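1. Starting from these lines, generate the structure:
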Amino acid sequence: MRLYGELADWFHLLTAPEDYAEEAEFARELLVQTAEGPVRTVLELGSGGGNNASHLKATFELALVDVSPTMLDLSRELNPGCEHIVGDMRDVRLGRKFDAVFVHDAVMYMTTEDDLARAVETAFVHTRPGGAALFVPDCVLETFEPKTEHGGHDGADGRALRYLEWTREGGSPSQYVVDFAVVLRERDGTMRVEHDSHVEGLFPRTTWLRLLADAGFDAHAVVDPWHRDVFVASRPGQRP
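-> Here you go, the predicted model:
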(Lines give C-alpha, C1' and ligand atoms only; values in the text may rest on other atoms or scores of the structure.)
Protein backbone atom coordinates (compact mmCIF):
# COMPACT_ATOMS: atom_id res chain seq x y z
CA MET A 1 0.00 0.00 0.00
CA ARG A 2 1.69 3.11 -1.30
CA LEU A 3 0.19 5.49 1.25
CA TYR A 4 2.15 3.68 3.96
CA GLY A 5 5.34 3.30 1.92
CA GLU A 6 6.53 5.49 -0.93
CA LEU A 7 3.81 8.12 -0.29
CA ALA A 8 4.02 8.04 3.51
CA ASP A 9 5.71 11.44 3.63
CA TRP A 10 2.34 12.89 2.59
CA PHE A 11 0.31 10.97 5.17
CA HIS A 12 -0.31 13.80 7.62
CA LEU A 13 -1.77 15.87 4.79
CA LEU A 14 -4.17 13.01 4.06
CA THR A 15 -5.20 12.61 7.69
CA ALA A 16 -4.01 15.22 10.18
CA PRO A 17 -3.18 14.47 13.84
CA GLU A 18 -5.41 17.28 15.10
CA ASP A 19 -8.44 15.55 13.55
CA TYR A 20 -8.05 12.65 16.01
CA ALA A 21 -8.51 14.49 19.30
CA GLU A 22 -12.12 13.39 19.89
CA GLU A 23 -11.51 9.76 18.91
CA ALA A 24 -8.45 9.55 21.12
CA GLU A 25 -10.36 10.93 24.08
CA PHE A 26 -13.17 8.44 23.50
CA ALA A 27 -10.62 5.60 23.46
CA ARG A 28 -8.89 6.92 26.58
CA GLU A 29 -12.15 7.02 28.52
CA LEU A 30 -13.17 3.49 27.51
CA LEU A 31 -9.79 2.01 28.40
CA VAL A 32 -9.73 3.71 31.80
CA GLN A 33 -13.33 2.74 32.57
CA THR A 34 -12.85 -0.91 31.51
CA ALA A 35 -9.56 -1.76 33.17
CA GLU A 36 -9.31 -2.89 36.74
CA GLY A 37 -6.92 -0.49 38.43
CA PRO A 38 -4.98 2.42 36.94
CA VAL A 39 -4.03 2.50 33.26
CA ARG A 40 -0.49 3.75 32.82
CA THR A 41 1.06 1.64 30.06
CA VAL A 42 -0.69 1.19 26.69
CA LEU A 43 0.31 -0.82 23.63
CA GLU A 44 -1.07 0.42 20.31
CA LEU A 45 -1.06 -2.17 17.55
CA GLY A 46 -1.06 -0.69 14.05
CA SER A 47 -0.17 2.80 15.26
CA GLY A 48 0.57 4.17 11.78
CA GLY A 49 1.72 7.77 11.67
CA GLY A 50 0.98 8.28 15.35
CA ASN A 51 -2.17 10.40 15.06
CA ASN A 52 -3.96 8.83 18.03
CA ALA A 53 -0.73 8.61 19.98
CA SER A 54 -0.20 12.37 19.63
CA HIS A 55 -3.16 12.80 21.99
CA LEU A 56 -2.94 9.67 24.15
CA LYS A 57 0.69 10.30 25.12
CA ALA A 58 -0.45 13.06 27.46
CA THR A 59 -2.05 10.40 29.68
CA PHE A 60 -0.33 7.09 28.91
CA GLU A 61 3.14 5.65 28.49
CA LEU A 62 2.87 4.32 24.94
CA ALA A 63 4.54 1.54 22.99
CA LEU A 64 3.66 1.90 19.31
CA VAL A 65 3.83 -1.08 16.94
CA ASP A 66 3.40 -0.87 13.18
CA VAL A 67 4.42 -3.06 10.26
CA SER A 68 5.65 -0.05 8.22
CA PRO A 69 9.04 1.41 9.22
CA THR A 70 8.24 4.50 7.15
CA MET A 71 5.07 5.20 9.12
CA LEU A 72 6.93 4.72 12.37
CA ASP A 73 9.47 7.31 11.21
CA LEU A 74 6.60 9.77 10.79
CA SER A 75 5.33 8.92 14.25
CA ARG A 76 8.77 9.39 15.80
CA GLU A 77 8.80 12.96 14.53
CA LEU A 78 5.36 13.57 16.01
CA ASN A 79 5.81 11.51 19.20
CA PRO A 80 9.53 11.48 20.05
CA GLY A 81 8.96 10.37 23.64
CA CYS A 82 7.11 7.18 22.70
CA GLU A 83 8.59 3.74 22.12
CA HIS A 84 8.37 2.67 18.46
CA ILE A 85 8.61 -0.97 17.36
CA VAL A 86 8.44 -2.49 13.88
CA GLY A 87 6.11 -5.47 14.03
CA ASP A 88 3.05 -7.17 12.60
CA MET A 89 0.02 -7.25 14.91
CA ARG A 90 -0.57 -10.88 13.90
CA ASP A 91 2.63 -12.19 15.43
CA VAL A 92 4.62 -9.54 17.31
CA ARG A 93 5.58 -10.63 20.82
CA LEU A 94 7.24 -8.11 23.14
CA GLY A 95 7.57 -10.37 26.19
CA ARG A 96 5.72 -8.00 28.50
CA LYS A 97 2.22 -6.99 29.45
CA PHE A 98 0.44 -3.64 29.43
CA ASP A 99 -2.41 -2.11 31.36
CA ALA A 100 -4.29 -1.75 28.07
CA VAL A 101 -4.04 -2.51 24.36
CA PHE A 102 -5.53 -0.25 21.69
CA VAL A 103 -6.15 -1.28 18.08
CA HIS A 104 -7.58 1.40 15.81
CA ASP A 105 -8.54 1.11 12.13
CA ALA A 106 -5.34 -0.74 11.15
CA VAL A 107 -7.26 -3.85 12.22
CA MET A 108 -9.17 -3.52 8.92
CA TYR A 109 -6.11 -4.98 7.17
CA MET A 110 -6.85 -8.32 8.78
CA THR A 111 -8.49 -9.74 5.67
CA THR A 112 -9.19 -13.31 6.84
CA GLU A 113 -10.69 -14.71 10.01
CA ASP A 114 -7.32 -16.30 10.80
CA ASP A 115 -5.61 -12.88 10.50
CA LEU A 116 -8.14 -11.34 12.86
CA ALA A 117 -7.87 -14.21 15.35
CA ARG A 118 -4.09 -13.80 15.44
CA ALA A 119 -4.36 -10.04 16.01
CA VAL A 120 -6.81 -10.60 18.86
CA GLU A 121 -4.47 -13.19 20.36
CA THR A 122 -1.60 -10.70 20.18
CA ALA A 123 -3.69 -8.18 22.07
CA PHE A 124 -4.61 -10.76 24.70
CA VAL A 125 -1.09 -11.95 25.44
CA HIS A 126 0.04 -8.34 25.92
CA THR A 127 -2.84 -7.38 28.25
CA ARG A 128 -2.24 -7.86 31.97
CA PRO A 129 -4.86 -9.63 34.10
CA GLY A 130 -7.51 -7.04 34.84
CA GLY A 131 -6.38 -4.96 31.87
CA ALA A 132 -8.43 -3.68 28.96
CA ALA A 133 -8.35 -3.85 25.19
CA LEU A 134 -10.20 -1.76 22.63
CA PHE A 135 -10.68 -2.58 18.95
CA VAL A 136 -12.03 0.12 16.62
CA PRO A 137 -12.81 -1.25 13.15
CA ASP A 138 -14.19 1.12 10.52
CA CYS A 139 -17.21 -1.14 10.12
CA VAL A 140 -18.57 -4.63 10.62
CA LEU A 141 -20.44 -6.70 8.05
CA GLU A 142 -23.80 -5.45 9.28
CA THR A 143 -22.87 -1.76 8.88
CA PHE A 144 -20.80 -1.84 5.68
CA GLU A 145 -22.00 0.48 2.92
CA PRO A 146 -20.28 1.42 -0.34
CA LYS A 147 -19.51 5.14 -0.29
CA THR A 148 -17.27 7.94 -1.48
CA GLU A 149 -15.52 10.52 0.67
CA HIS A 150 -13.05 13.32 0.04
CA GLY A 151 -10.70 15.53 1.98
CA GLY A 152 -7.12 16.58 2.47
CA HIS A 153 -5.01 19.34 3.99
CA ASP A 154 -2.58 22.13 3.15
CA GLY A 155 0.87 21.88 4.69
CA ALA A 156 2.87 24.66 6.30
CA ASP A 157 5.71 23.94 3.86
CA GLY A 158 3.70 24.79 0.73
CA ARG A 159 2.74 21.24 -0.12
CA ALA A 160 -0.93 20.20 -0.25
CA LEU A 161 -3.00 17.06 -0.78
CA ARG A 162 -6.58 16.34 -1.78
CA TYR A 163 -8.09 12.87 -2.11
CA LEU A 164 -11.15 11.01 -3.30
CA GLU A 165 -11.82 7.78 -1.38
CA TRP A 166 -14.06 5.15 -2.99
CA THR A 167 -15.19 2.25 -0.79
CA ARG A 168 -16.74 -0.64 -2.68
CA GLU A 169 -17.53 -4.32 -2.35
CA GLY A 170 -14.65 -6.74 -2.91
CA GLY A 171 -14.44 -10.14 -4.51
CA SER A 172 -14.99 -11.98 -1.21
CA PRO A 173 -17.82 -11.69 1.35
CA SER A 174 -15.15 -11.11 4.01
CA GLN A 175 -13.35 -8.32 2.15
CA TYR A 176 -13.95 -4.95 0.57
CA VAL A 177 -11.81 -2.51 -1.41
CA VAL A 178 -10.91 1.13 -0.77
CA ASP A 179 -9.42 3.06 -3.70
CA PHE A 180 -7.74 6.41 -3.24
CA ALA A 181 -7.23 8.96 -6.00
CA VAL A 182 -4.75 11.44 -4.53
CA VAL A 183 -3.75 14.84 -5.97
CA LEU A 184 -0.41 16.11 -4.65
CA ARG A 185 0.85 19.66 -4.95
CA GLU A 186 4.59 20.04 -4.51
CA ARG A 187 6.30 23.06 -2.97
CA ASP A 188 7.03 24.51 -6.43
CA GLY A 189 3.36 24.26 -7.40
CA THR A 190 3.64 21.25 -9.68
CA MET A 191 0.81 18.74 -9.41
CA ARG A 192 0.55 14.99 -9.82
CA VAL A 193 -2.12 12.34 -9.32
CA GLU A 194 -1.52 8.99 -7.62
CA HIS A 195 -3.72 5.92 -7.12
CA ASP A 196 -3.61 3.47 -4.22
CA SER A 197 -5.85 0.46 -3.57
CA HIS A 198 -6.44 -1.21 -0.21
CA VAL A 199 -8.10 -4.57 0.47
CA GLU A 200 -9.71 -4.65 3.91
CA GLY A 201 -11.44 -7.25 6.06
CA LEU A 202 -15.15 -7.42 6.84
CA PHE A 203 -16.59 -9.62 9.59
CA PRO A 204 -19.93 -9.93 11.44
CA ARG A 205 -20.28 -8.80 15.04
CA THR A 206 -20.71 -12.42 16.07
CA THR A 207 -17.32 -13.33 14.57
CA TRP A 208 -15.62 -10.49 16.42
CA LEU A 209 -17.18 -11.49 19.72
CA ARG A 210 -16.44 -15.18 19.20
CA LEU A 211 -12.77 -14.54 18.43
CA LEU A 212 -12.41 -12.25 21.42
CA ALA A 213 -13.96 -14.89 23.68
CA ASP A 214 -11.82 -17.64 22.16
CA ALA A 215 -8.70 -15.63 22.98
CA GLY A 216 -9.81 -15.33 26.63
CA PHE A 217 -11.35 -11.84 26.73
CA ASP A 218 -14.64 -10.81 28.26
CA ALA A 219 -15.95 -8.55 25.51
CA HIS A 220 -18.94 -6.64 24.25
CA ALA A 221 -19.75 -4.26 21.41
CA VAL A 222 -20.74 -0.62 21.81
CA VAL A 223 -21.65 2.00 19.21
CA ASP A 224 -19.34 4.99 19.31
CA PRO A 225 -20.25 8.63 18.56
CA TRP A 226 -19.37 8.04 14.89
CA HIS A 227 -21.89 5.17 14.62
CA ARG A 228 -19.23 2.45 14.48
CA ASP A 229 -19.34 -0.85 16.32
CA VAL A 230 -16.30 -0.97 18.58
CA PHE A 231 -15.29 -3.87 20.78
CA VAL A 232 -14.44 -3.35 24.43
CA ALA A 233 -12.63 -6.22 26.13
CA SER A 234 -11.13 -7.05 29.49
CA ARG A 235 -8.76 -9.82 30.49
CA PRO A 236 -10.14 -11.69 33.51
CA GLY A 237 -7.98 -11.95 36.60
CA GLN A 238 -6.69 -9.87 39.42
CA ARG A 239 -4.31 -7.04 38.70
CA PRO A 240 -0.83 -8.01 39.95
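
2. How much space separates the residue nearest to residue 105 when sequence neighbours are not counted from residue 104?
-> Of all residues not flanking residue 105 in the chain, residue 138 sits nearest, at 5.2 Å (CB to CB, 6 or more residues apart in numbering). C-beta: built from backbone N, CA, C; applies to glycine. Using CB to CB, to the nearest Å, residue 138 is found at 9 Å from residue 104.

3. Next, the most centrally placed residue in the chain: phi, psi?
-> Taking CA atoms, centre = their mean, the centroid of the chain lies closest to residue 104, which sits 2.7 Å from it. When quoted as degrees, to the nearest 10, the phi and psi of residue 104 stand at phi -90, psi -150.

4. for residue 24, same thing?
-> phi -60, psi -40.

5. doesn't residue 59 make contact with it?
-> No: counting by CB atoms under 8 Å, residue 59 is not a contact partner of residue 24; they are 9.2 Å apart.

6. Have a look at the two and say which one is more surrounded.
-> More crowded of residue 24 and residue 59, by other CB atoms under 10 Å: residue 24, with 21 against 15.

7. From residue 32, how far off is the nearest residue to that one once chain neighbours are set aside?
-> Once flanking residues are discounted, residue 24 sits nearest to residue 55: 3.6 Å by CB to CB, 6+ apart. The spacing between residue 55 and residue 32, counted by CB to CB, is 14 Å.

8. again with residue 3
-> Noted for residue 3: a distance of 32 Å to residue 32, by CB to CB.

9. neighbour-wise, which of the two wins?
-> A direct count of neighbours by other CB under 10 Å for residue 3 and residue 32 places residue 3 higher, at 21 against 15.

10. Look at that one and report its pLDDT.
-> Looking at residue 3, its pLDDT stands at 94.

11. Looking at this structure, which residue reaches furthest from the middle?
-> The chain, CA atoms, centre = their mean, max distance from centroid: residue 188 (33.2 Å).

12. Would you mind listing the residues in contact with it?
-> Residues counted as contacts of residue 188 (CB atoms under 8 Å, 6 or more residues apart in numbering): none.

13. so it, which of the three states?
-> Of the three states, residue 188 takes coil under DSSP: H, G, I helix; E, B strand; the rest coil.

14. Domains in this protein, by residue range?
-> The chain breaks down into these domains under automatic domain parsing: 2-139+203-234, 141-201.

15. Looking at these, which one is packed in the most?
-> domain 2-139+203-234 (a mean of 19; mean count of other CB atoms under 10 Å).

16. What's the end-to-end length of it?
-> Length of domain 2-139+203-234, first residue to last, CA to CA, to the nearest Å: 35 Å.

17. ok so, going back, does the residue nearest to residue 24 really touch residue 26, like I thought?
-> No: shown here, residue 55 and residue 26 do not form a contact pair, counting by CB under 8 Å, at 10.5 Å.

18. where in the protein is pLDDT low?
-> In the prediction, the chain carries residues with pLDDT under 70 at positions 239-240.

19. just so I have it, where are all the helices in it?
-> In the chain, the segments counted as helices under DSSP state H are 11-14, 21-34, 53-56, 69-78, 113-125, 205-215.

20. These: which one's closest to residue 177?
-> helix 113-125 (16.4 Å; CB to CB).

21. sorry, back to before: tell me, what's touching residue 138 and residue 104 both at once?
-> Shared contacts of residue 138 and residue 104 (CB under 8 Å, 6+ apart): none.

22. still on that earlier bit, how far away is the residue nearest to residue 24 from residue 76?
-> For residue 55 relative to residue 76 (CB to CB), the value is 16 Å.

23. and if you look at residue 97?
-> Shown here: residue 97 relative to residue 76, a distance of 24 Å by CB to CB.

24. Residue 134 too?
-> Residue 134 is 24 Å from residue 76, by CB to CB.

25. Alright, that wraps it up for me.
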